[in-house]
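J.: Got a predicted structure here, sequence first:
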Amino acid sequence: MRGLLGWLSIVLAGHVAVVPTVSAQTIDVQGVVAHLTGDITEDLPEKIAALPDGVRVLVLTSTGGYTAPAFEAAKDIRARNLTTYVPEFCFSACTMLFQAGSRRVIGVQGSLMFHASRPPNGEFDYWVGRIYARYGLDEEFVGRFNGGGDHTLAPDQAITVGAATQIGEP
């Protein structure tokens, strides 16, 4: 039994090593670019609203977080006509921020991960799907990820389903 547990620990450790780490949310502004890293927290809408008027690009690196603040912040991102950019990864609630961008750029090594609510909530997922579709995401893809499971997209797939408008750098 000890051998099996040891082997399982090695397998799990190997799996965990490839999962991006999660950290506290920070927003760092450098000229016209703001970098959001870490978890999406309840105070995100206020932080996005407080961005200087000159910010034009929002770089996203997040494994997700709270959905409701992501929706609220997404409205401001869209109203400000910001370009969103994912150089590495943007998962779960972070994708709502990404989809709100007027231009949505994914880096050549970038990935996006969409999924339905956890725990499942059909009515909530329906409305989330409507918002994603309004922001350009293919409705067939929305139906697929709302059907359950995680759906991770490479850059070319992100273009195909309307998640991204460009591959490369903004």
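T.: Sure, I can see it. Residues are numbered from 1 along each chain as shown.

J.: Next, count neighbours for the residue lying closest to residue 141 once chain neighbours are set aside.
T.: What sits nearest to residue 141 in space, not counting adjacent residues and going by Cβ to Cβ, 6 or more residues apart in numbering, is residue 161, at 4.1 Å. C-beta coordinates here come from the backbone N, C-alpha and C atoms, glycine included. Applying other Cβ atoms under 10 Å, we find 21 residues neighbouring residue 161.

J.: Report pLDDT for residue 161.
T.: Listed pLDDT for residue 161 reads 97.

J.: what do you get for the one 5 residues further on?
T.: Per-residue pLDDT puts residue 166 at 98.

J.: Dig out what it forms beta bridges with.
T.: Legend: beta-bridge partners of residue 166 under DSSP bridges are residue 105.

J.: which residues sit in contact with it?
T.: Applying Cβ atoms under 8 Å, 6 or more residues apart in numbering to residue 166 gives the contacts 103, 104, 105, 106, 159.

J.: Quick check: next helix or strand after the helix or strand of the chain with the lowest mean pLDDT?
T.: Within the chain, no helix or strand scores below helix 2-17, which has a mean of 34 by mean pLDDT, DSSP states H and E. As assigned by DSSP states H and E, the chain's next helix or strand after helix 2-17 is strand 26-30.

J.: Report the buried residues of whichever helix or strand comes after that next one.
T.: Helices and strands here follow DSSP H and E; after strand 26-30, the next one along the chain is strand 33-37. Neighbour counts over strand 33-37 (16 or more other Cβ atoms under 10 Å) mark 33, 34, 35, 36 as buried.

J.: Pull the number of nearby residues for the nearest residue to the first one once chain neighbours are set aside.
T.: The spatially closest residue to residue 33, leaving aside those adjacent along the chain, is residue 57, at 4.7 Å (Cβ to Cβ, 6+ apart). For residue 57, the tally of surrounding residues (other Cβ under 10 Å) stands at 19.

J.: Dig out what the nearest residue to residue 51 once chain neighbours are set aside forms beta bridges with.
T.: Counting by Cβ to Cβ, 6+ apart, residue 51 lies nearest to residue 34, which is 5.6 Å off, once chain neighbours are set aside. On the basis of DSSP bridges, residue 34 is bridged to residue 29, residue 58.

J.: How far off centre is stretch 54-70?
T.: 7 Å (Cα atoms, centre = their mean, to the nearest Å).

J.: hey, where'd the strands end up in this protein?
T.: Ranges of strands in the chain, per DSSP state E, are 26-30, 33-37, 57-61, 83-86, 89-91, 103-106, 111-115, 150-153, 166-167.
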